[in-house]
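[1] Test case, fold it:
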Amino acid sequence: MKYDCYWRFPTFRLSVGANEIKAERTNFENAPAKRNHDSHPWNYSLNWLLLLIIRPFKRMQHLRTTIARLRPMAALQTARCASQPVQGGPGERALRTFPSARRLEASNYVEEMYFAWLENPGNVHKASARASLFEKRNVCVRGHHIAKLDPLEISLSAPLSKQPGALLPPGFYGLLESDLDKVFRLPTTTFIGGDESALPLREIIHRLEMAYCQQIGVEFMFINNMEQCQWIRERFERPGAMHFSVEEKRTLLARMVRSTRFEEFLQRKWSSEKRFGLEGCEALIPALKTLIDVSSGRGVDSVIMGMPHRGRLNVLANVIRTELDQIFCQFDSKLEAADEGSGDVKYHLGMYHRRMNRVTDREITLSLMANPSHLEAVDPVVQGKTKAEQFYCGDTEGKRVMSILLHGDAAFAGQGVVYETFHLSDLPSYTTHGTIHVVVNNQIGFTTDPRMARSSAYPTDVARVVNAPIFHVNADDPEAVVYVCKVAADWRNTFHKDVVVDLVCYRRNGHNEMDEPMFTQPLMYKKIKQQKGVLQKYATALISEGVVTSQEYEEMVAEYDKVCEDAYTRSKDEKILHVNHWLDSPWPGFFTFDGQPKSMSVPSTGISEEDLSHIGNIASSVPDKDFTIHGGLSRILKARAAMVEQRVCDWALAEYMAFGSLLKEGVHVRLSGQDAERGTFSHRHHVLHHQNVDKSICIPMNHIAKDQAPYTVCNSSLSEYGVLGFELGFAMASPNALVLWEAQFGDFHNTAQCIIDQFICPGQAKWARQNGIVLLLPHGMEGMGPEHSSARPERFLQMCNDDQDVFPDFAVRQLYDCNWIVVNCSTPLIVFTPKSLLRHPEAKSSFDQMLPGTEFKRIISEEGPPLASPDRVRRIIFCTGKVYYELARERKHRGMEEQVAIVRVEQLSPFPFDLVKEEVERFHHADLMWCQEEHKNQGYHDYIKPRIRTAVARTRPVLYAGRGPAAAPATGNKQTHLAELQRFLDTAFDLPGTSGEQ
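    Now for the predicted structure:
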């Protein structure tokens with residue numbers, strides 16, 4: 001019997017008979033049309049058929065049975081089969097021969113044996129293939145499923161309904177009991193033999209189980225890089241790999257003492273306080289210190305960390321090395337706040353500290369980022385700050401600056417921002433060249449166990465999407481934890497890719513120290529109450545080994561207890577809480593020592609005519625020679641050149657002027673967002689693409705001056721939450737940069753609302769954290785439907801911290817006191833950015849408004865006919881943004897230029913009380929109106945109206961013209977949109993009436 005199957009290069013016929021299998025050369029031309037290995041009915045790769053070759057088939061039924069048994073297992077990689085010259089003349093069928101497997105450096109043992117079999121079938125024993133298969137597909141891939149990972153031994157970390165099962169028995173692979181004592185030659189791809197080249201199968205299985213099925217479980221065989229897989233195998237398979245010296249064990253014990261006794265000290269002193277202790281995962285502290293030690297030894301001199309609340313105080317004390325008295329005084333409820341702002345709870349605070357690493361004798365900077373209760377929200381922020389520090393120090397490969405992210409098991413599996421952050425890891429403008437992720441897997445999320453919290457067997461499965469190896473480890477085995485962390489740090493510093501350490505542990509108390517976990521997890525917590533502490537178990541083991549004596553151990557404990565007691569005594573002297581002592585990203589030289597601005601002046605932002613012309617010429621040309629651009633783009637550049645000749649700017653050209661002038665002065669500019677390079681509305685074109693050469697681009701902004709700062713503009717992944725968080729982190733690193741995030745449409749910011757609400761808006765009040773991030777949010781009601789119309793300015797204005805009832809004394813002081821600045825510009829300056837105004841013929845500014853001595857206009861006063869006869873003006877319409885041009889057109893159409901003045905409020909917050917007052921006094925007979933295109937319960941009305949009233953000392957009412965209240969931002973019907981527009985324009989110019997409420 002024969003079964004023919006064909007491969008493209010080279011083709012051969014596989015003949016399977018009752019007693020023999022033969023591989024014969026065929027001519028490709030004679031093969032059936034469109035037949036290849038993909039169309040084979042079994043859909044098996046070449047290697048699977050090769051497995052069949054080396055088995056002794058007595059009957060075809062045996063063949064079918066074997067195929068059915070192999071079917072559930074993943075296919076091995078396709079063998080690389082470089083052929084030697086075929087023996088025989090033309091037209092003759094000849095057996096195909098193959099070179100030595102050693103010369104081919106076969107990617108796995110099955111291939112190695114196959115090549116050996118082709119050279120001489122006697123070279124291969126039939127059991128060898130089965131043994132190799134058992135080793136490859138059983139232990140390496142499935143071993144972590146039966147590893148002893150759970151210190152509680154309750155199997156909650158891998159829900160029973162989702163467990164893939166234990167290792168398949170050797171008999172599944174056709175191995176007999178008698179095969180276990182046979183000696184097999186070890187393949188070159190394994191490291192279990194050490195110096196031995198052959199071992200009995202029983203010993204092979206034992207060594208593999210010791211490597212992959214004990215307190216460490218390794219997930220790595222999904223990685224599609226053979227070098228990386230072999231690197232991992234060597235570190236876990238080589239005999240003696242986990243050997244610890246006496247000194248290393250003593251250091252580990254000392255670190256466990258500090259981690260454990262710190263939590264016990266807090267529990268004794270403040271038993272009724274929330275602290276989110278680390279009990280149950282005390283090994284986290286030596287884990288982090290090991291990661292830092294190894295990385296420091298490999299050249300890293302700055303580590304930026306992000307973590308949730310659990311264990312934070314312990315990390316601050318024993319990793320960052322914050323002064324203990326500064327931590328202990330946080331528990332004093334009578335402590336007075338010295339800084340402005342609200343502050344935050346102690347387990348959210350960050351810290352920045354530079355110290356000497358005692359293991360490597362190298363200085364290292366450690367930064368723990370402040371974060372809110374919103375789990376995982378800090379992840380992209382850490383990555384952005386890491387990227388910025390790498391950028392500013394010229395670390396293009398991540399060898400000097402790195403990030404470590406800590407996670408909880410429930411949040412790591414449940415929060416989508418984790419996935420968003422992982423997908424930034426290998427993008428050119430976002431990569432930090434490898435992050436070490438440490439999961440504190442206490443097998444519970446508040447009160448929810450894993451069976452209800454996730455659909456995957458492990459909380460770490462999300463990391464597989466970026467081929468990150470995952471090292472599961474029993475956190476009650478400190479030596480296994482430390483070893484895994486050594487491997488993780490080496491991985492990151494070797495391959496500069498992400499890696500995950502999953503510390504499988506438990507939570508000794510409830511979610512916080514006041515919570516009762518027995519309500520919801522009674523059996524789990526009965527088990528926990530019986531569990532000995534890891535320090536006690538490890539100390540007992542080391543004493544029995546003779547590594548330390550009982551007296552030495554007791555002295556370690558007593559010494560650290562005294563350190564804590566002394567710090568507690570000092571903490572009582574602290575009477576004032578300084579929030580700015582807890583900065584995670586200090587800006588030295590930007591503020592005074594006590595956090596005040598060094599200057600209370602606003603310098604001119606104008607630039608010279610020469611610079612305007614030069615930057616304009618760059619914006620309208622292609623600096624690279626022989627660079628073919630799109631014909632439509634040529635027309636855009638010509639239009640820009642014409643504007644430069646006319647000394648005017650539209651929105652895109654004004655943006656070029658702003659960015660280019662900053663770059664020329666040495667200020668780095670970074671702009672990112674979805675489609676930011678071209679611009680959603682095809683107006684920007686900061687990256688030019690060669691029309692005939694793939695991946696050939698030109699960025700004219702980087703050709704402004706020889707000594708300019710670099711300009712970074714990058715299209716982001718289709719993410720708002722993760723990318724805005726990243727850019728926020730980037731902006732934290734330095735005040736001497738302009739960092740902008742542009743939403744594709746303004747309403748897309750709501751998927752990043754957590755970053756806005758928890759970091760940007762309150763960051764300075766909570767954590768004394770400064771940031772210069774700029775959000776560009778396209779906004780405008782243009783009849784395009786409820787989506788993409790409104791950037792929801794009402795939400796930003798609602799969160800502004802200026803007082804609607806207080807007229808400020810000093811406008812510049814407002815800029816320092818405010819939590820953010822909100823602007824909607826009708827001439828080119830950017831925040832609430834327009835859509836149709838990008839090409840509006842009247843939305844242009846003269847060069848005269850950008851020359852030296854000019855500055856940003858908080859409001860744009862009426863400059864038309866009303867100035868000639870202010871007494872004749874009967875109404876002042878205050879507005880912001882695009883609606884100004886509709887009001888101006890309607891006023892002209894009605895011939896009411898002398899009766900109605902229109903004032904544009906460009907800076908909405910901090911509100912320009914002083915300038916509004918001046919405008920009202922100028923037209924003292926006029927009534928006051930606020931006009932907006934948004935609905936009354938949206939937009940700016942609720943923010944603006946009370947502030948105008950305060951500006952005029954409540955002596956006049958403020959009328960309203962605009963759309964009425966609505967649930968949706970805009971109508972989806974064009975005719976309805978136009979009718980609404982005309983209705984509020986009629987109201988705005990209906991002078992005898994009293995439209996709107998007072």
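[2] Now do the nearest residue to P965 once chain neighbours are set aside, the pLDDT please.
    Distance criterion C-beta to C-beta, 6 or more residues apart in numbering; nearest residue to P965, sequence neighbours excluded, is N937 at 4.3 Å. Any C-beta I mention is one placed from the backbone N, CA and C, and that applies to glycine too. N937 carries a pLDDT value of 90.
[3] for G17, same thing?
    On the pLDDT scale, G17 gets 45.
[4] How about the one 5 residues further on?
    At K22, the model reports a pLDDT of 48.
[5] related to what we said a few turns ago, which ones are touching the residue nearest to P965?
    Applying C-beta atoms under 8 Å, 6 or more residues apart in numbering, we find N937 in contact with E794, P965, A966.
[6] ChimeraX command for the buried members of these?
    To isolate the buried members of the contacts of N937 in ChimeraX, using 16 or more other C-beta atoms under 10 Å:
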select :794
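[7] Secondary structure and pLDDT added to the contacts of N937, as CSV?
    Formatted as CSV, the contacts of N937 follow (DSSP: H, G, I helix; E, B strand; the rest coil; pLDDT from 0 to 100):
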residue, secondary structure, pLDDT
E794, helix, 87
P965, coil, 91
A966, coil, 87
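[8] Enumerate the positions of the lengthiest helix in the chain that are buried.
    Criterion DSSP state H: the longest helix present in the chain is helix 246-269. Across helix 246-269, burial judged by 16+ other C-beta under 10 Å covers 249-266.
[9] can you check stretch 767-776 too?
    For stretch 767-776, the neighbour count (16+ other C-beta under 10 Å) marks W767, A768, R769, Q770, N771, I773, V774, L775, L776 as buried.
[10] so where's the protein shaky on pLDDT?
    1-131, 133-137, 155-168, 173, 337-342, 593-595, 825-831, 992-998 (pLDDT under 70).
[11] Which strands and helices lie in contact with the longest helix of the chain?
    Under the contact definition 3 or more C-beta pairs under 8 Å, 6 or more residues apart in numbering; DSSP states H and E, helix 246-269 sits against helix 284-297, helix 312-318, helix 478-495, helix 534-545, helix 550-571.
[12] What's the first helix or strand after the second one?
    Towards the C-terminus, the helix or strand next in line after helix 312-318, according to DSSP states H and E, is helix 324-328.
[13] Centre of the chain to that next one, how far?
    Computed by C-alpha atoms, centre = their mean, to the nearest Å, the chain-centroid distance of helix 324-328 equals 31 Å.
[14] ok, and what's touching that helix?
    Applying C-beta under 8 Å, 6+ apart, the contact partners of helix 324-328 are 269, 313, 316-317, 346, 563-564, 567-568, 570-571, 574, 581.
[15] returning to that earlier point: dump the longest helix of the chain to PDB, restricted to CA.
    Extracted C-alpha coordinates of helix 246-269, given in PDB (Å, rounded to 0.1, in the frame of the first residue of the first chain):
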ATOM      1  CA  VAL A 246      26.700  29.800  52.400                       C
ATOM      2  CA  GLU A 247      27.100  33.600  52.100                       C
ATOM      3  CA  GLU A 248      24.200  33.800  49.600                       C
ATOM      4  CA  LYS A 249      21.900  31.900  52.000                       C
ATOM      5  CA  ARG A 250      22.900  34.100  54.900                       C
ATOM      6  CA  THR A 251      22.100  37.200  52.800                       C
ATOM      7  CA  LEU A 252      18.800  35.800  51.800                       C
ATOM      8  CA  LEU A 253      17.900  35.000  55.400                       C
ATOM      9  CA  ALA A 254      18.800  38.600  56.500                       C
ATOM     10  CA  ARG A 255      16.500  40.000  53.800                       C
ATOM     11  CA  MET A 256      13.700  37.600  54.800                       C
ATOM     12  CA  VAL A 257      14.200  38.800  58.400                       C
ATOM     13  CA  ARG A 258      13.800  42.500  57.400                       C
ATOM     14  CA  SER A 259      10.800  41.800  55.200                       C
ATOM     15  CA  THR A 260       9.000  39.700  57.900                       C
ATOM     16  CA  ARG A 261       9.800  41.700  61.000                       C
ATOM     17  CA  PHE A 262       8.900  45.000  59.300                       C
ATOM     18  CA  GLU A 263       5.300  43.800  58.800                       C
ATOM     19  CA  GLU A 264       5.200  42.300  62.300                       C
ATOM     20  CA  PHE A 265       6.400  45.600  63.800                       C
ATOM     21  CA  LEU A 266       3.700  47.600  62.000                       C
ATOM     22  CA  GLN A 267       1.100  45.100  63.200                       C
ATOM     23  CA  ARG A 268       2.200  45.500  66.800                       C
ATOM     24  CA  LYS A 269       2.300  49.300  66.700                       C
END
